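Engineer: sequence first, predicted coordinates after that:
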Amino acid sequence: MKNIQSFIICSGLVTAIVIGPSSCKPKNAGNAVSGDAASKVYVAPGKYDEFYNFVSGGFSGQMSVYGLPSARLLRVIPVFSVDPEKGYGYSEESKPMLNTSHGFVPWDDLHHEDLSQTNGEIDGRWIFANANNTPRVARVDLTTFHTAEIIEIPNSAGNHSSPFITENTEYVVAGTRFSVPPDNANGDVAINSYKKNFKGSISFISVDKVTGSMAIAFQLRCPGVNFDLSHAGKGKSNGWFFFSCYNTEQANTLLEVNASQRDKDFIMAVNWKKAEEYLKAGKAVKESVKYAHNVYNEKTHSATSEIRTEVMVLDTKELKDICYFIPCPKSPHGCDVDPTGEYIVGSGKLAALIPVFSFDKLMKAIAAKDFIGDYDGIPVVKYESALYGEVKKPGLGPLHTEFDGKGNAITTFFVSSEIVKWNIKDLKVLDRAPTYYSPGHLCIPGGDTKKPNAKYVIVYNKITKDRYLPTGPELAQSAQLFDISGDKMQLILDFPTIGEPHYAQAVAADVIRNNSVKFYKLEENTHPFVSKGEGETKVVRKDKRVDIYLTAIRSHFAPDNIEGIKMGDEVYWHVTNIEQDWDVPHGFAIKGALTAELLIMPGETQTLKWTPEKPGMYPFYCTDFCSALHQEMQGYVRVSPAGSNTALLFSTGKNMPPKDSAGTK
Ligand code: K7E
Ligand code: CUA
């Protein structure tokens, strides 16, 4: 996203001259906020915020959770990147979550999030997120704020137009950014054979209504363009999905010039109910692929990863009536559908206007076959036949739009650094407010659902320049909170973000906060290495593998003296937190461990694998300040040379018999 501005000079002339990474500082870009801003964002100590705000972390691979309006950071949820703070991706239990067909991938680029919906309203059960780089979709469980499931997407590269959901969370979609040769084809082809060999792909991932479990129901094989963003139809347009496409030039080099040639690219309208019919009628082709499906089980407290090998593919060129292209000026990015489902807004990054399409007109045009031809076998609807109207001169570099539920839309303008509110019916600009600077996404609570809650809009900026204390070469990216309850949008707060924020979701806190899991029930823990009490703790050797069954409770580990570990052993620390109370995690860390700490929730078991690298004494301790005697929560493990006769012993609270060889009697 960061180089769009280099296409457009601040005067508004569209040009391909690179002018460097500066954007236009808005006129009247004062820093002042009005006098009552502080009181609008002040949430007194001990009081709760009114909204949760889930913010994507971009290249951090994680998701952060803020309370609004205070912008207090509540949590960073590890999703696609390892997180030593929580042991995510380091504990034996969580490692399978990051498994892919390429092996263990410890990082990704998370751009978009979508909260689950029932009847077009946020139901607070799950939030989905996309991995851009190694294509994946994650589901985070909002009772635990843990990543519960990750599914990899085959036939895809750069999973950008994802993870947008249908109004009853029947499907999460994942559209490929890069077109590539399909996985079952020979990918070892000349890059300049793009037009012949490269294909687009859109995946429909079904979501189980009760468990949330994901499965790839089918994929659409599409022309080789770049799919950028998407949103589902809703209400009258439920059953359809809309995707912005760029690079309809099918360029394979220097896209910044070569994919900006055509005056219009496309929005692709997808009739997914029709696709479902074709699937049921047996029209899909089974293709062999390889993708990982990773699931976290809250009873075993462990993830499993399975490699799947088949996917059902529907060819949109052969099977008519699934896909239609609507011309959309120029290099569209955001693709947003208003709360009624009638209006589809395309945001052409290089366009000087915002086209608004009408679902009713689109349906009529399709029925009347009002096409101007086809593109790679897909009918192209006449622009004017699908167009409701254009917002004229809205600003420069429109990117994303959300809706306030009162008949208005708010769009971000990357180049002119502002948000602009406009009326959907008469397409008139109502208000504009500067942002600091170069906004990408924006978010209104429920702003992409049927029922927005339009008290605030939060705008996520790419550049902060002079807004904060400098922090070396890299400056904070930021969010800005605007009060939109009145006619004028009013800036009331700036706050820095974790990683690079792209899309975000916000929802009234009450939808989520009462469902929180407080701790895991120990009696339901079916982890194979659980210790449900100190009486069950033990150390078990089997050849070179040593399993240590450890418990943690305020303020000691059991056992806390262990001897008889030998060089060459592979040691597994299975730590069960046997507390049964809210907010009493214990940590576990051991000197020299090449992994991370463990952070173990009450009732949970987590495992650290440790291979000592030399004989000696290794202290371990609790990392989470859990009680007044937290600093006493520690232990020792003794490592002896391979082949030594140190007996395997463990104890808590009493000294072990002096059976060893090194100086004790
Ligand atoms: Cu506009 Cu990746 Cu959604 Cu960022 S994308 S801004
Ligand atoms: Cu347990 Cu500190």
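Structural biologist: Thanks, I have it. Ligands and ions are numbered 1, 2, ... in the order given.
Engineer: can you list phi and psi of the closest residue to ligand 1 within the stretch 501-650 of the chain for me?
Structural biologist: Relative to ligand 1, the nearest point of the stretch 501-650 of the chain is residue 502 (3.4 Å; CB to the nearest ligand atom). Glycine gets a C-beta too; all of them are placed from N, C-alpha and C. Backbone torsions for residue 502, taken as degrees, to the nearest 10, come to phi -110, psi -120.
Engineer: try residue 332
Structural biologist: For residue 332, the backbone dihedrals are phi -60, psi 150 (criterion: degrees, to the nearest 10).
Engineer: next, the contact list for it, please.
Structural biologist: Taking CB atoms under 8 Å, 6 or more residues apart in numbering, we find residue 332 in contact with 228, 244, 245, 246, 265, 266, 267, 346, 347, 348, 349, 351.
Engineer: so it bridges to which residues?
Structural biologist: residue 348 (DSSP bridges).
Engineer: before we move on, the earlier item: just the closest of the contacts of residue 332 to ligand 1, please.
Structural biologist: Closest to ligand 1, out of all of these and judged by CB to the nearest ligand atom, is residue 228, at 7.9 Å.
Engineer: doesn't the closest one lie inside a strand?
Structural biologist: Yes - using DSSP: H, G, I helix; E, B strand; the rest coil, the assignment for residue 228 is a strand.
Engineer: tell me the spacing between it and residue 242.
Structural biologist: 11 Å (CB to CB, to the nearest Å).
Engineer: so where does the closest residue to ligand 2 within the stretch 351-500 of the chain fall, helix or strand?
Structural biologist: The minimum distance from the stretch 351-500 of the chain to ligand 2, using CB to the nearest ligand atom, falls at residue 498 (25.5 Å). Under the assignment given by DSSP states H and E, residue 498 is not contained in any helix or strand.
Engineer: grab the nearest non-local neighbour of it.
Structural biologist: Nearest non-adjacent residue to residue 498, counting by CB to CB, 6 or more residues apart in numbering: residue 64, 4.4 Å away.
Engineer: who's in contact with the one you found?
Structural biologist: Residue 64 touches 54, 55, 57, 73, 75, 76, 77, 497, 498, 499, counting by CB under 8 Å, 6+ apart.
Engineer: hmm, 6 Å instead?
Structural biologist: By CB atoms under 6 Å, 6 or more residues apart in numbering, residue 64 lies in contact with 55, 76, 498.
Engineer: just checking, residue 328 touches residue 268?
Structural biologist: No - at 9.5 Å, residue 328 does not count as touching residue 268 under the criterion of CB atoms under 6 Å.
Engineer: pLDDT-wise, which helix or strand of the protein ranks last?
Structural biologist: Every helix and strand of the chain was ranked by mean pLDDT, DSSP states H and E. The lowest is helix 255-258, at a mean of 92.
Engineer: output that one as CSV, restricted to C-alpha atoms.
Structural biologist: Extracted C-alpha coordinates of helix 255-258, given in CSV (Å, rounded to 0.1, in the frame of the first residue of the first chain):
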residue,chain,number,x,y,z
LEU,A,255,2.9,-3.3,-12.4
GLU,A,256,3.1,0.2,-11.1
VAL,A,257,3.2,1.3,-14.7
ASN,A,258,2.0,-1.7,-16.7
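Engineer: near ligand 1, which residues of the protein are found?
Structural biologist: Contact residues, the chain versus ligand 1 (CB under 6 Å from any ligand atom): 1, 111, 112, 160, 229, 333, 399, 400, 440, 441, 502, 503.
Engineer: show me these that map onto strands.
Structural biologist: Residues of those located in strands (DSSP state E): 229, 333, 399, 400, 440, 441.
Engineer: looking at this, residue 123 is in a strand?
Structural biologist: Yes - per three-state DSSP, residue 123 lies within a strand segment.
Engineer: mind checking how far the residue lying closest to it once chain neighbours are set aside is from residue 86?
Structural biologist: In this structure, residue 123 finds its nearest non-sequential neighbour in residue 116, 5.5 Å apart by CB to CB, 6+ apart. Computed as CB to CB, the residue 116 to residue 86 distance reads 23 Å.
Engineer: more neighbours: which of the two?
Structural biologist: Shown here are residue 116 and residue 86; by other CB atoms under 10 Å, residue 86 has more neighbours (23 against 19).
Engineer: quick check: the more buried one touching residue 597?
Structural biologist: No - judged on CB under 6 Å, residue 86 makes no contact with residue 597 at a distance of 8.4 Å.
Engineer: show me what contacts whichever residue of the chain sits closest to ligand 1?
Structural biologist: Residue nearest to ligand 1 within the chain: residue 440 (2.5 Å; CB to the nearest ligand atom). By CB under 6 Å, 6+ apart, the residues touching residue 440 are 1, 399, 460, 462, 502.
Engineer: okay, those residues in TSV with pLDDT, neighbour count and distance to residue 125 next?
Structural biologist: TSV is the format used below for the contacts of residue 440 (pLDDT from 0 to 100; neighbours: other CB atoms under 10 Å; distance: CB to CB, whole Å):
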residue	pLDDT	neighbour count	distance to residue 125
1	45	16	30
399	98	24	29
460	98	25	24
462	96	23	31
502	98	24	22
